[in-house]
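S.K.: here is my input, please return the structure:
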Amino acid sequence: MDRRSIIKNAGIAGVLAAGAAPAVHAQAAVRWRLASSFPKALDTIFGAAETFAKHVKEMSGGKFEISIHAAGEIAPAFGVVDAVQQGSLECAHTAPYYFFGKNETFALGCAIPFGLNSRQMTAWMYQGNGLKLMREFYAKYNIVNFPMGNTGAQMGGWYRKEIKSLKDLQGLKFRTGGFPGKVMEKLGVVPQNIPGGEIYTALEKGTIDAAEWIGPYDDQKLGFNKVAPFYYYPGWWEGGPQLDLFVNNKAYEALSPENKSILENAAAYAHTDMQAKYDARNPGALKQLVGSGTKLRPFPNDVLAAAFKAAEQTYAELNEKNEDWKKIFADYAKFRAESNLWFRFTEAKFDGFMQNQKL
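M.R.: Model (predicted):
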């Protein structure tokens, strides 16, 4: 090859390098939008999406950015599944059980009455069949899911009047998050599915008689103690509710392997971080609430016994009419039984002893 040929080929190579490199970098930049089902005021549950986006940006060197939008900004709190399914949004952060009206099976990806606690839920998802089974189900809605947060066991809510027995639930207009209402109806409760940002006004105006949200830290921020004096525990319908990142399947498949890994790892970090924040912040908030006059009460035993019976009846009914539910609940229930047997000898015994000590 003569000198002029070498120079000519080198020149072409240089042009290709100069022209191709910027194109590659342009394709590598990813900009997504995430719709949350929660208001910005809640730095824990809404904040999980912000934590996730921050880590995605950092791990990608700024090449993968996700803007976070509170409930109602670009999609209604209960409209995020439709938006992701239709591809008008790349992703959403929500509580899957909000969408039980589409199919009760959504609830199994979040929480059901007398279901798994938070550690058990994470174990079922990551080491059991939970993630596999739920992804098969969500695929029908063009969704790929990632666990992204858990509140831990929740409180049983705020009541304008005292609950002394099961009969006090008759006709009670109670705000609860989606699926638990199916069980509560059997107890005579009239469930109301209201977004978090609208609960205070409904409770203040008497549109509802009682409401549950999460626990002391968030409940105090939302001011429920100002309009309902009685605070009950435990939230037997939410022993370990998991929040999910819902991603449109086409948007997900368009990501590079590197960005898929970044997405998964950032969601896993946010998953752990959310519960750590609740566990750290709830104790102090509960002390403040009680100190300011909140009347803390356990649910009467007849309420818990009747609720458990109603839950088991509901699951049996769903097994008869919903094949999606039947398939996944069978695995869920088996995992619940085995995990509770183990926790009986370890966590429960240890926690029970420690909580009776003077520390």
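S.K.: ok, residues contacting the helix or strand containing residue 122?
M.R.: Element membership for residue 122, per DSSP states H and E: helix 118-126. The contact list for helix 118-126 (Cβ atoms under 8 Å, 6 or more residues apart in numbering) reads 111, 115-116, 130-131, 134, 147, 150-153, 239-242, 271, 275, 332, 335-336, 339-340, 343, 347. Where C-beta positions appear, they are placed from N, C-alpha and C, glycine not excepted.
S.K.: buried stuff in the following helix or strand past it?
M.R.: Per DSSP H and E, helix 118-126 leads on to helix 130-138 as the next helix or strand towards the C-terminus. By 16 or more other Cβ atoms under 10 Å, the buried positions in helix 130-138 come out as 130, 131, 133, 134, 137, 138.
S.K.: let's have the residues you listed in TSV, adding pLDDT and distance to residue 288.
M.R.: Below are these laid out as TSV (pLDDT from 0 to 100; distance: Cβ to Cβ, whole Å):
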residue	pLDDT	distance to residue 288
130	98	36
131	98	37
133	98	41
134	98	37
137	98	41
138	98	39
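S.K.: residues contacting stretch 316-329, please?
M.R.: Contacts for stretch 316-329 (Cβ under 8 Å, 6+ apart): 103, 104, 105, 108, 133, 134, 137, 315.
S.K.: now do stretch 48-60
M.R.: In contact with stretch 48-60 (Cβ under 8 Å, 6+ apart) are residues 30, 34, 36, 64-68, 93, 148-149, 243, 245, 258-259, 262-263, 265-267, 269-271, 273-274.
S.K.: so how far is it from its chain's centroid?
M.R.: Relative to its parent chain, stretch 48-60 has a centroid offset of 17 Å by Cα atoms, centre = their mean, to the nearest Å.
S.K.: do the same with stretch 67-74
M.R.: Using Cα atoms, centre = their mean, the offset of stretch 67-74 from its chain centre is 16 Å.
S.K.: re the thing from before, check the average confidence over the helix holding residue 122, would you?
M.R.: For helix 118-126, the mean per-residue pLDDT is 98.
S.K.: flag every buried residue along that helix.
M.R.: Neighbour-count burial for helix 118-126, with 16+ other Cβ under 10 Å as criterion, is recorded at 118, 120, 121, 122, 123, 124, 125.
S.K.: any chance of those residues in CSV, with distance to residue 220 too?
M.R.: Shown next, in CSV, are the buried residues of helix 118-126 (distance: Cβ to Cβ, whole Å):
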residue, distance to residue 220
118, 21
120, 28
121, 25
122, 26
123, 31
124, 31
125, 30
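S.K.: and the helices in this structure?
M.R.: Remark: helices assigned in the chain by DSSP state H are 3-28, 47-59, 80-86, 118-126, 130-138, 180-184, 199-205, 216-222, 249-253, 257-291, 301-321, 323-345, 347-354.
S.K.: the fourth one vs helix 130-138, what angle?
M.R.: Between the axes of helix 118-126 and helix 130-138, defined by axes from the mean of the first three to the mean of the last three Cα atoms, to 10 degrees, the angle is 70 degrees.
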